[in-house]
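Enquirer: task: produce atomic coordinates for the following.
(2 chains)
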Amino acid sequence: MEVTLRIKRYNPDQDVKPAFKEYKVEVEGTDRVLDALNQIKWYQDGTLTYRRSCAHGVCGSDAMRINGRNRLACKILMQELGKKVTLEPLIGFTVVKDLVVDMDKFFDSYKSVKPYLIADDPVGVGERRQSPEQREAFEDTTKCILCAACTTACPVTWTSDEFVGPAAIVNAHRFIFDSRDQAAGERLRILNTRSGVWRCRTIFNCTDACPRGIEVTRAIEQVKRALLFEQA
Amino acid sequence: MAYHRYDAVVVGAGGAGLMAAIQMAGKANVAVVSKLYPPRSHTGAAQGGISAALGNVEEDHPQWHMFDTVKGGDYLVDQDAASVLAHEAIDAVLELEHMGLPFNRTPDGRIDQRRFGGHTRNYGEGPVRRACYAADRTGHMIIQTLYQQGIKHQLNFFDEHHLLDILFTDDGECCGVVTLEIKTGEIHVIHAKAVLIATGGFGRVFKVTSNAMAGTGDGVALAYRHGVPLMDMEFYQFHPTGIYKLGILLSEAARGEGGIVRNGEGEAFAARYAPTLKDLAPRDMMSRFIHQEIREGRGVDGKDYVLLDLTHLPPELIDAKLPDITDFARTYLGVEPKTEGVPIQPTAHYAMGGLPTDIEGRVIRDRNATVIPGFYSAGESACVSVHGANRLGTNSLVDLVVFGRRAGKHMLRHIQDVQFRPLPEDPEFTARAELANLLSRKSGERAADIRSAMQEVMMDKVSVVRDEPGLVEAQRSVRELRQAYASVAIQDHGTTYNTELLEAHELGCMLDCAESIVAGALARTESRGAHFRSDYEKRDDKNWLAHTLVYKTSGGLDIDKKPVTITEFEPKERKY
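Expert: So this is what the prediction gives:
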């Protein structure tokens, strides 16, 4: 079938501001949006620019706004979208070129929550023990691929530079609820500041946007509850 | 041009690169270069597990793991390296756990283990539970955990820097790399005492592949252009269960948990070919079985695919242990694996070959294992060789953790022992000239046409089954495509985030990889592991119990042989 892709283009070397450009492509319904983008780039307009790598939803490179919603271009099939598809870069970050945004701010927020196991006890012989139930407590948030779909779907991040955003909280959650970690308090203190969890308005855009099906809003709520208990 | 000086530079931030860099963190000044962001590396797509003879759920021994690795590799494995792999796997997996990797657990809180193809108890008696895992996203957990450690150790990340060249002194020591900062188009020269190439594989030379689009063999090809030989390139693994047409991987863990591959008649045909291990026969064999079923007309509806059947497994087991791959089947095929078979075909998956190294990760330049000072490789870009003619499932993750770690430790000793060597004059000359050439034409050949022609011919003539006429045709075709590539033209002549330019650069690298794969496959007149020649169906230990080394020369190619290291297990017929 023939579809029209309306793509927001911007090249800082030559454009004053972004503008939409339309491309017609012949696709199968089972093609990914990424396949359609590749078709344009390879056979119509080589200047069209986007990130991509694994092409099956696990590396997190190609998050973008597809018909107004944050999705991975390699995880949405054309048959889900109709004959006219609008593609835009993620909102809230500086556009580098076309569908590529500057990820520095995103990774800075991620790093600010100390996203690594902190456990200073000397480990004995073999693995640290953890029961399947303890392991299950943070299963959901281990799935994060750092694609930024959740963070850039959050209206709070659109208007505030301060909020660490859902993805950083998800990655803090992953350690706060890991029975082997000893720095939950430290991370909770970071998330109890002006830039932390209390900026979340429970809008659920993040949960809708997550391509890995993480219940992001629920994770944020669990962190909020942990903070309330800690203070009480 | 920007100039940097680091003790060591690691190119590629997947499992091997990060593992190496972490060894040096805090003790040396290390740069980590990736053309992606590190957690996007293809290690993250690995699914099923990482083997180590922990013996957490049943008796197991490193020696059994070593034997399986050697036999799985059809005896082309260097056994000193396989011994290191099997014994250090235990420590490496425990180190990952200590770093925070969230493995699935047994009821008593230990790392859980599952079955995988070719991994057996007591030298082949039956399957053993050796693969440590985190659902079917073990690679994701490894890349996340190692990236987290990289942040903890404040590694110097050069994110979205594309490797353009590797620098050597006149007397052949490695002294740095040249990269392109993708965002700005600026060229960077990184001067270093030691360089690790951990750029992964090159599955994108084939039409149907499980590999990421970034899997274009850049580091391997650039070293090859500097006269470094590539070893055992003809051994390219086709994974039996790729999603039909798309090639997306459906983990062997599906069969480890009890899944069965069925032909168009509904028959579980693997038992006919491999009576002991059945569906858990190694990948090279399973892929050939599927190929034969399809060729004999037993594909589904006479087409070129068969079915992966999970319908007899408990739905809760599928949700708990195989969530991602079943999600792939739903997303990309609209198939519900709990109630229907999933269409699959073999997919280009893993390069057993690559840059030849010793067990410290040092790249060697000839059959006598002469070391190239300062030059290292680990992970899929390297060939130690622990995988020989066919890698066992899970051993890639073991390889990159064990040998990434060894390489990092050795680099640390090396940089403490040596001084910086002077860079060659005008170090970025070659890189700059290559980019200028790609940008010089307003019209010419289209990179996408050359790429798809290469992928077609490699899939058609150089995949699961090969023969001389097909390989000769592939050789001619790759040669012609290389000529066409010399006049490739691109539309994007800008400096900001020019991915069209980089895709064209990657295509040049892939053509080098393709050329060396075909050369090795044509030279090796026997069948062994993943290299099956229908015109030489038998393994020929008399002439070919040897690694191949392919050299790029001014006149074309040279091929040499390098002896296989055999320490404990004499070659035997390989039956399962």
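Enquirer: any idea of the mean pLDDT in the lengthiest strand in chain B?
Expert: Longest strand in chain B, counting residues (DSSP state E): strand B:186-197. The average pLDDT within strand B:186-197 is 98.
Enquirer: close to chain A, is it?
Expert: No: if you take CB under 8 Å from any CB of the partner chain as the test, strand B:186-197 misses chain A, and the best it gets is 13.6 Å. From N, CA and C alone the C-beta is placed, and that goes for glycine too.
Enquirer: just after that strand, pick out the following helix or strand.
Expert: Using DSSP states H and E, the helix or strand that follows strand B:186-197 towards the C-terminus is helix B:218-225.
Enquirer: could I get the buried residue list for that next one?
Expert: B:218, B:219, B:220, B:221, B:222, B:223, B:224 (16 or more other CB atoms under 10 Å in any protein chain shown).
Enquirer: contacting residues around stretch B:299-306?
Expert: B:244, B:261-264, B:290, B:293-294, B:298, B:307, B:343-345 (CB atoms under 8 Å, 6 or more residues apart in numbering or on different chains).
Enquirer: put together JSON lines for the residues you listed, with neighbour count on each row.
Expert: Converted to JSON lines, the contacts of stretch B:299-306 look like this (neighbours: other CB atoms under 10 Å in any protein chain shown):
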{"residue": "B:244", "neighbour count": "21"}
{"residue": "B:261", "neighbour count": "25"}
{"residue": "B:262", "neighbour count": "20"}
{"residue": "B:263", "neighbour count": "23"}
{"residue": "B:264", "neighbour count": "17"}
{"residue": "B:290", "neighbour count": "26"}
{"residue": "B:293", "neighbour count": "23"}
{"residue": "B:294", "neighbour count": "21"}
{"residue": "B:298", "neighbour count": "18"}
{"residue": "B:307", "neighbour count": "22"}
{"residue": "B:343", "neighbour count": "20"}
{"residue": "B:344", "neighbour count": "26"}
{"residue": "B:345", "neighbour count": "25"}
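Enquirer: and the furthest pair within those residues?
Expert: Largest separation among these by CB to CB: B:244 and B:298, giving 15.5 Å.
Enquirer: dihedrals phi and psi, the residue positioned nearest the centre of chain B?
Expert: In chain B, the centroid-proximal residue (CA atoms, centre = their mean) is residue B:380; its distance is 3.5 Å. The phi and psi values for residue B:380, taken as degrees, to the nearest 10, are phi -70, psi -30.
Enquirer: wait, doesn't it sit right on residue B:350?
Expert: Yes: taking CB atoms under 8 Å as the definition, residue B:380 is a contact partner of residue B:350 at 6.6 Å.
Enquirer: and for the two, which residues touch both?
Expert: What both residue B:380 and residue B:350 touch, as defined by CB under 8 Å, 6+ apart, is the set B:201, B:396.
Enquirer: how is chain A partitioned into domains?
Expert: Domain assignment for chain A by automatic domain parsing gives A:2-101, A:104-231.
Enquirer: wait, which of the ones you listed is closest to residue B:325?
Expert: That would be, of those and by CB to CB, domain A:2-101, which comes in at 10.2 Å.
Enquirer: verify the contact between residue B:235 and residue B:532 for me.
Expert: No: judged on CB under 8 Å, residue B:235 makes no contact with residue B:532 at a distance of 10.6 Å.
Enquirer: ok, the two, which is more surrounded?
Expert: Taking other CB atoms under 10 Å in any protein chain shown, residue B:235 and residue B:532 do not tie; residue B:235 has more neighbours (32 against 23).
Enquirer: can you check the pLDDT for the residue in chain A sticking out farthest from the centre?
Expert: Each residue of chain A has a distance to the centre, and by CA atoms, centre = their mean the biggest one is for residue A:125: 37.4 Å. Among the per-residue scores, residue A:125 shows a pLDDT of 86.
Enquirer: how about the one 3 residues further on?
Expert: In this model, residue A:128 is scored at 96, pLDDT.
Enquirer: okay, residue A:166: pLDDT?
Expert: Model confidence at residue A:166 (pLDDT) stands at 98.
Enquirer: now do residue A:230
Expert: 72.
Enquirer: tell me which helix or strand it sits in.
Expert: Per DSSP H and E: helix A:216-231 holds residue A:230.
Enquirer: hmm, that helix touching chain B?
Expert: No: judged by CB under 8 Å from any CB, helix A:216-231 and chain B are separated, with a smallest distance of 15.0 Å.
Enquirer: send the alpha carbons of that helix over as CSV?
Expert: Extracted in CSV, the C-alpha atoms of helix A:216-231 (Å, rounded to 0.1, in the frame of the first residue of the first chain):
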residue,chain,number,x,y,z
VAL,A,216,6.4,3.5,35.0
THR,A,217,3.9,5.5,37.0
ARG,A,218,3.5,2.6,39.4
ALA,A,219,7.3,2.5,40.0
ILE,A,220,7.2,6.3,40.7
GLU,A,221,4.4,5.8,43.2
GLN,A,222,6.4,3.1,44.9
VAL,A,223,9.3,5.4,45.3
LYS,A,224,7.0,8.1,46.6
ARG,A,225,5.6,5.7,49.2
ALA,A,226,9.1,4.6,50.2
LEU,A,227,9.9,8.3,50.8
LEU,A,228,6.8,8.7,53.0
PHE,A,229,7.6,5.7,55.0
GLU,A,230,11.2,6.8,55.4
GLN,A,231,10.1,10.1,56.7
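Enquirer: how many other residues sit next to residue B:281?
Expert: 25.
Enquirer: run a quick neighbour tally on the residue nearest to it when sequence neighbours are not counted.
Expert: Nearest residue to residue B:281, sequence neighbours excluded (CB to CB, 6 or more residues apart in numbering or on different chains): residue B:274, at 3.8 Å. Neighbour count of residue B:274, defined by other CB under 10 Å: 19.
Enquirer: now do the one 4 residues further on
Expert: Residue B:278 is flanked by 19 other residues according to other CB under 10 Å.
Enquirer: I figured it hits residue B:271, correct?
Expert: Yes: the criterion here is CB under 8 Å, and residue B:278 meets it with residue B:271 at 4.6 Å.
Enquirer: okay, strands next: where are they in chain A?
Expert: Applying DSSP E to chain A gives strands spanning A:2-9, A:19-26, A:63-66, A:69-72, A:84-88, A:95-97, A:100-101.
Enquirer: equivalent analysis for the stretch 401-550 of chain B, please.
Expert: Taking DSSP state E, counting those that start in this stretch, the strands of the stretch 401-550 of chain B run over residues B:546-553.
Enquirer: within range of chain A, give me the residues from it.
Expert: Residues of the stretch 401-550 of chain B lying near chain A (CB under 8 Å from any CB): B:446-448, B:490-492, B:494-500.
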